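Trainee: here are the coordinates; sequence isn't available:
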């Protein structure tokens, strides 16, 4: 465990622990969301507002530990990986039930995992690409792999592998799995899920309701089944100021995605706990590293020295002050947030050093007055602030930074086609393993190194080797070397990490948002 993570680990461990007044049961927690869910199904959820709700309605065979560095028992009370890493044996808990009281069996596990790894159904199927077959005999579940997979236990604790009811899907209306899933979600009610709550109300774009699952397997501090709450009522309030006003007025108990500019104000409110939950959210800017631009002209950013210079000329602490009002920290690993397994602490990662930056552009022969276009999201105040700051910071390098404002889909299209110089971007881990984010940012076959066009044969070989390396020491060494290679190549402008800013009424205890973003209500209580 990295020393720099210790404070975050302790905070999360405390948050996952039962609240002091754990025996106080009942009540509805009112939660103000910035955006609403569309379909909370483990294999179809592909937006954060959907993904982060899955764990409340569905449970997984394994769960992440409180510090996020390992897995522990979930629906499976025990698990074992064979010596060759190709077989995972799990034993389900006795007496497991879905929210409607029907038994949860090995057949449901086989159905759920086969569904999750079906590439024709789920966009997340690739995460389970190593699975060859899933079988069950009573409470015993056997997962056979095509090859050893060091990520498999983390995947069994990830939202897309949550267990659903085979009977509920068989009985649902619809000709396809997608149709059945949509029908189940629209109908609501207990039945399909195994999590601490079930969906008991939904109005698209306006509200959503969870009701307590009386058949949930996990016990609270009082020896009775969790959750403590009777339910959670979600109001969809896109406007930041309105979410905060409703919290201050006592109309809601929790408001998510609080603007960092309001954090200090809310910290001073005696009725509110202004939480900054540790996250895996990193903000960075991909740099086009191709030899030529899309129009065929030479690309000055193809020179690693120029990319390094941009990083040295960027005062990250100043950006954090301007955008986050101090509620963040510079990236310490070039490839992942500090809370991710195998993250190397390379801080200071490209500390502000204007003289070094100027020397690098001189060495690279960068022409004074070189024009670089910075693509931002139209309407994003944060992006606007970042551009204005970089324009000033990079001017001493002889760079004329111009802005190009586009919508989200256009930015994504430019990224995929290579029609950009540098653009804003960000990431939150979906999986408690570095393979996902490192594959996205650096592995050429996965995502063309987040669209930068950067390619390094040694990096790709290390990543491919790590995908089957089950010795954690050797795997850690592979990730350490990848981070070293990536930092030197600088295909990104490495900026900062941000926490999840959530304002919580002091009437609420036990609510937590995990580093992956998941909203956890199972141990929450509310006092009226």
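Mentor: Great, that's in hand. Predicted model, so just to flag it, every value in this text is computed and none were measured.
Trainee: now the strands for the stretch 401-528 of the chain?
Mentor: Assigned by DSSP state E, counting those that start in this stretch, the strands in the stretch 401-528 of the chain fall at 422-423, 425-427, 492-505, 508-509, 512-513, 519-520, 525-526.
Trainee: residue 336: what secondary structure?
Mentor: coil (DSSP: H, G, I helix; E, B strand; the rest coil).
Trainee: what's the neighbour count on it?
Mentor: Each residue near residue 336 was counted by other C-beta atoms under 10 Å, and the total is 25. All C-beta atoms are positioned from the backbone trio N, CA, C, and that covers glycine.
Trainee: can you check the one 10 residues further on too?
Mentor: When counting by other C-beta under 10 Å, one arrives at 18 neighbours for residue 346.
Trainee: residue contacts, it?
Mentor: Shown in contact with residue 346 (C-beta atoms under 8 Å, 6 or more residues apart in numbering): 332, 333, 334, 483, 487.
Trainee: mean neighbour count and mean pLDDT for the strands of the stretch 401-528 of the chain - can I get that in a markdown table?
Mentor: Below are the strands of the stretch 401-528 of the chain laid out as a markdown table (neighbours: other C-beta atoms under 10 Å; pLDDT from 0 to 100):
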| stretch | mean neighbour count | mean pLDDT |
| --- | --- | --- |
| strand 422-423 | 22 | 98 |
| strand 425-427 | 17 | 94 |
| strand 492-505 | 23 | 97 |
| strand 508-509 | 22 | 96 |
| strand 512-513 | 23 | 94 |
| strand 519-520 | 20 | 95 |
| strand 525-526 | 24 | 96 |
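Trainee: mind giving me CSV with those and columns for distance to residue 312?
Mentor: Converted to CSV, these look like this (distance: least, C-beta to C-beta, whole Å):
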stretch, distance to residue 312
strand 422-423, 15
strand 425-427, 20
strand 492-505, 11
strand 508-509, 44
strand 512-513, 34
strand 519-520, 38
strand 525-526, 49
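Trainee: out of those strands, which gets nearest to residue 142?
Mentor: Across the strands of the stretch 401-528 of the chain, residue 142 has its closest neighbour in strand 519-520 (29.9 Å, C-beta to C-beta).
Trainee: list phi and psi for residue 357.
Mentor: Backbone torsions of residue 357, given as degrees, to the nearest 10, read phi -60, psi -40.
Trainee: neighbours of it, just the number please.
Mentor: So residue 357, with other C-beta under 10 Å, has 24 neighbours.
Trainee: from residue 312, how far off is it?
Mentor: Separation of residue 357 from residue 312 (C-beta to C-beta, to the nearest Å): 4 Å.
Trainee: tell me how far residue 166 lies from residue 136.
Mentor: Counting by C-beta to C-beta, the gap from residue 166 to residue 136 is 11 Å.
Trainee: between those two, which contacts overlap?
Mentor: Joint contacts of residue 166 and residue 136 (C-beta under 8 Å, 6+ apart) are residue 107.
Trainee: so which of the contacts of residue 346 sit within helices?
Mentor: 483, 487 (DSSP state H).
Trainee: ok, of the contacts of residue 346, which come out buried?
Mentor: 332, 333, 334, 483, 487 (16 or more other C-beta atoms under 10 Å).
Trainee: so who does the third one touch?
Mentor: So the one you mean is residue 334. So residue 334 contacts 346, 349, 483, 486, 487, 490, 492, 494 (C-beta under 8 Å, 6+ apart).
Trainee: again, but for the second one
Mentor: For residue 333, the set of contacting residues under the criterion of C-beta under 8 Å, 6+ apart consists of 340, 343, 344, 345, 346, 349, 483.
Trainee: tally of neighbours for residue 284?
Mentor: 21.
Trainee: could you double-check that it lies in contact with residue 492?
Mentor: Yes. If you go by C-beta atoms under 8 Å, residue 284 and residue 492 touch, sitting 4.6 Å apart.
Trainee: need the contact list for the closest residue to residue 173 other than its chain neighbours.
Mentor: Spatial nearest neighbour of residue 173, excluding adjacent residues (C-beta to C-beta, 6 or more residues apart in numbering): residue 183 at 4.8 Å. Neighbouring residues of residue 183 by C-beta under 8 Å, 6+ apart: 172, 173, 174.
Trainee: for residue 503, what are its contacts?
Mentor: Taking C-beta under 8 Å, 6+ apart as the test, what residue 503 contacts is 244, 247, 254, 255, 258, 266, 272, 273, 274, 275.
Trainee: give me that answer again for 7 Å
Mentor: With contact set as C-beta atoms under 7 Å, 6 or more residues apart in numbering, residue 503 has these partners: 244, 247, 255, 258, 266, 272, 274.
Trainee: host element of the residue lying closest to residue 191 once chain neighbours are set aside?
Mentor: Distances taken as C-beta to C-beta, 6+ apart put residue 100 closest to residue 191, at 4.1 Å, once the chain neighbours are dropped. In the assignment (DSSP states H and E), residue 100 maps to no helix and no strand.
Trainee: okay, now residue 100: neighbour count?
Mentor: 16.
Trainee: distance of it from residue 113?
Mentor: 21 Å.
Trainee: what does residue 61 give?
Mentor: Taking C-beta to C-beta, one finds residue 61 at 9 Å from residue 113.
Trainee: on that earlier part again, go through the strands of the stretch 401-528 of the chain and name the closest to residue 199.
Mentor: Using C-beta to C-beta, the nearest of the strands of the stretch 401-528 of the chain to residue 199 is strand 519-520, at 14.1 Å.
Trainee: which strands or helices does the closest one pack on?
Mentor: Strand 519-520 is packed against helix 48-57, with contacts defined by 3 or more C-beta pairs under 7 Å, 6 or more residues apart in numbering; DSSP states H and E.
Trainee: what's the following helix or strand after the helix it packs on?
Mentor: Beyond helix 48-57 toward the C-terminal end (DSSP H and E), the next one is strand 62-64.
Trainee: avg pLDDT for that next one?
Mentor: The average pLDDT within strand 62-64 is 92.
Trainee: and it, which strands flank it?
Mentor: strand 71-73 (antiparallel) (DSSP bridges).
Trainee: what's the strand it pairs with in contact with?
Mentor: By C-beta under 7 Å, 6+ apart, strand 71-73 touches 62, 63, 64, 65, 153, 154, 157.
Trainee: what pairs with the helix or strand that it is followed by, parallel or antiparallel?
Mentor: Moving toward the C-terminus from strand 71-73, the next helix or strand (DSSP H and E) is strand 76-81. Partners of strand 76-81 in the sheet, by DSSP bridges, are strand 87-92 (antiparallel).
Trainee: residue contacts, residue 276?
Mentor: 327, 499, 501.
Trainee: likewise residue 197?
Mentor: 56, 57, 210, 211, 212, 213, 227, 231, 232, 521.
Trainee: and if we set it to 6 Å?
Mentor: 56, 210, 213 (C-beta atoms under 6 Å, 6 or more residues apart in numbering).
Trainee: so what sits opposite it in the bridge?
Mentor: Under the criterion used (DSSP bridges), residue 197 bridges to residue 212.
Trainee: pLDDT score assigned to it?
Mentor: pLDDT, residue 197: 98.
Trainee: distance of it from residue 523?
Mentor: 12 Å.
Trainee: ok, residue 267 next?
Mentor: 24 Å.
Trainee: please say which of those two ends up with more neighbours.
Mentor: Set residue 267 next to residue 523 and count neighbours by other C-beta under 10 Å: residue 523 wins out with 23 against 13.
Trainee: how close does the nearest residue to that one once chain neighbours are set aside get to residue 269?
Mentor: Excluding its sequence neighbours, the residue lying closest to residue 523 (C-beta to C-beta, 6+ apart) is residue 510, at 4.2 Å. From residue 510 across to residue 269, the span is 20 Å (C-beta to C-beta).
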